[in-house]
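Engineer: the following comprises the amino acid sequence and a computationally predicted model.
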Amino acid sequence: MKNEEKLEAAIGQLETLYQEAISQLRSALGNYVANRIAPTKEQREKFRYPKITLTYDPDGPAPVSSRAYAKFNAPGTYTTTITHPKIFAPYLREQILPLLNEYGASIEVGVSTQEIPYAYVIDGQNELGVGDVPPDELARHFPTPSLNTVGDEIVDGLWNIGPRSTRPLALYDGLRVDYSLKRLMHYSGTDWQDFQPWILFTNYARYVDEFVRWAAEEIKRPDTPYYKLICSGGIEIDVNNTDGAVERVSGGNWRKYQMPAYHLLSKEGEGITLVNIGVGPSNTKNITDHLAVLRPHCWLMVGHCGGLRQSQRIGDYVLAHAYLRKDCVLDDILPVSVPIPPIAEVQIAMFDAAMEITREDSDTLKRRLRTGTVVSFADRNWELYWSQERQLINMSRAIGVDMESCMVAAQGFRHRVPYGTLLCISDKPVHGEIKLPGAANVFYERAIGEHLKIGIKALENMKLMGRELHSRKLRSFDEPPFR
């Protein structure tokens, strides 16, 4: 049997085992709600994720590859549990086939010991209880997410390798993925399956209006790759209802959700998602922790910042190539002594996109697009402590200040997702040009459209790079094989 056939058979078996497990779990839940008959031990053993195991036992030197994924760092047995195998099948094919073809790995599928929590198989919005049964009662008889089994130990390199240990095949197992899929729906107000592999973050709702406006116009073009915009709150825009799109979306139910998302779908599955993450590094960490399990190709921050240099002007751009992390949220997980490197492919794509959208040559653009260090604070009123912060900001040569960009980059580094930051200067707090309502509105109207289009164009440029975008500088030396 060819490796392609082995892989398709394995993915099919994963899907069969997964569907059998969730069917058994749903059936037992229904029986308990109707008759208060708890599942037996034997029945509960069927509520388990399928697992996939690859064994690499070389009889010669390992192949040399410049890829940043689908690589074994050492001989051994690698395994992980899988959720929604059919939906994640394209990702599984991309990761596994090179391991079979180039490394000669063997593949095996089976049932794991990891239970599927009942809340992850309930359709609709009733995750906390089924019917009239309270969740604490269900938890006595059915699997629930356990904090002892859901974590980022693999991502953070905290898992232990013994001489005979089974190694992780992926950064996230089925339980960790399901944990995040539910939370994506909760925070964004959209189905997790609608998220696209190219992601923009913003910290201002005005960017949402501009994104909807641009998307509605793009959908109407006859040669467009895009065909639908799915918005937080349940509104969908396609070629038949583009008129008044901004007004309908802005008047929708997106306010019910902490970080509303907007998904521009493409025919090739390479669309763009915009997430309004709001203000602050905690929001940013929250949403990126959950988006990471979808393995996006890139995420970019396109928001506003304060300019720190006298020569900068309101409306100028800051292309971050270094990050001074003063937001404190990740310090115990990813120490500030760990450098967060720029991703060269992302930096080039953003600068090229800026030239294309502004129609300025390189020398002209450099007068208002400056590369340098961005500093992010957790405290929005950091200006009140300028006498304390001044020395470090000065030493770092920072040129821009915000609250989210360093977290976007640090989380991209931590979760192995290519990242970048292009900010637009909305005020110059240390030079007396503060953000006032009247001046701010004039700035917003002038700058937002161009800024957003640069971010979109940068993502579209990176699509042409294919999988070369995934940088080896994001891999650790004991990295799991899957990206």
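Structural biologist: Received the coordinates, thanks.

Engineer: from now on I want contacts and neighbour counts done on CA atoms only, so please keep to that.
Structural biologist: OK.

Engineer: just the strands in the stretch 251-400 of the chain please.
Structural biologist: Secondary structure of the stretch 251-400 of the chain by DSSP state E, counting those that start in this stretch: the strands cover 261-266, 272-276, 298-301, 304-307, 317-326, 369-377, 398-402.

Engineer: least reliable of those strands going by mean pLDDT?
Structural biologist: The weakest mean pLDDT among the strands of the stretch 251-400 of the chain belongs to strand 304-307, with a mean of 92.

Engineer: that strand pairs with which strands, and in what direction?
Structural biologist: Here strand 304-307 is paired, per DSSP bridges, with strand 398-402 (antiparallel), strand 419-427 (parallel).

Engineer: now those strands as JSON lines including mean neighbour count and distance to Val121?
Structural biologist: Converted to JSON lines, the strands paired with strand 304-307 look like this (neighbours: other CA atoms under 10 Å; distance: least, CA to CA, whole Å):
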{"stretch": "strand 398-402", "mean neighbour count": "25", "distance to Val121": "39"}
{"stretch": "strand 419-427", "mean neighbour count": "26", "distance to Val121": "32"}
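
Engineer: would you turn the ones you listed into a markdown table with distance to Ile161?
Structural biologist: Listed next are those as a markdown table, based on distance: least, CA to CA, whole Å:
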| stretch | distance to Ile161 |
| --- | --- |
| strand 398-402 | 39 |
| strand 419-427 | 29 |
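
Engineer: out of those strands, which gets nearest to Lys220?
Structural biologist: For Lys220, the closest of those is strand 419-427, at 27.9 Å, according to CA to CA.

Engineer: residues in contact with that closest one?
Structural biologist: 298-307, 313-320, 342-343, 346-347, 350, 400, 405, 408-409, 412-413, 433-435, 440, 443, 447, 451, 455 (CA atoms under 8 Å, 6 or more residues apart in numbering).

Engineer: now stretch 18-38: how far from the chain's centre is it?
Structural biologist: Averaging C-alpha positions (CA atoms, centre = their mean, to the nearest Å) puts stretch 18-38 32 Å from its chain's average.

Engineer: try stretch 227-240
Structural biologist: 21 Å.

Engineer: for the closest residue to Ile448 other than its chain neighbours, grab the count of nearby residues.
Structural biologist: Leaving aside its chain neighbours, Ile448 sits nearest to Tyr207 (6.4 Å; criterion: CA to CA, 6 or more residues apart in numbering). Tyr207: 22 surrounding residues under other CA atoms under 10 Å.

Engineer: Tyr207 touches Leu452, doesn't it?
Structural biologist: Yes: contact criterion CA atoms under 8 Å: Tyr207 and Leu452 qualify, at 7.0 Å.

Engineer: domain parsing for the chain?
Structural biologist: Using automatic domain parsing, the domains assigned to the chain come out as 3-179, 185-472.

Engineer: among those domains, which comes closest to Asp478?
Structural biologist: domain 3-179 (6.5 Å).

Engineer: what is the rounded mean pLDDT of the longest helix anywhere in the chain?
Structural biologist: Longest helix in the chain, counting residues (DSSP state H): helix 3-35. For helix 3-35, mean pLDDT is 95.

Engineer: ok, the residue positioned nearest the centre of the chain - contacts?
Structural biologist: Nearest to the geometric centre of the chain sits Leu291, at 3.1 Å (CA atoms, centre = their mean). Leu291 makes contact with Ser180, Leu184, according to CA under 8 Å, 6+ apart.
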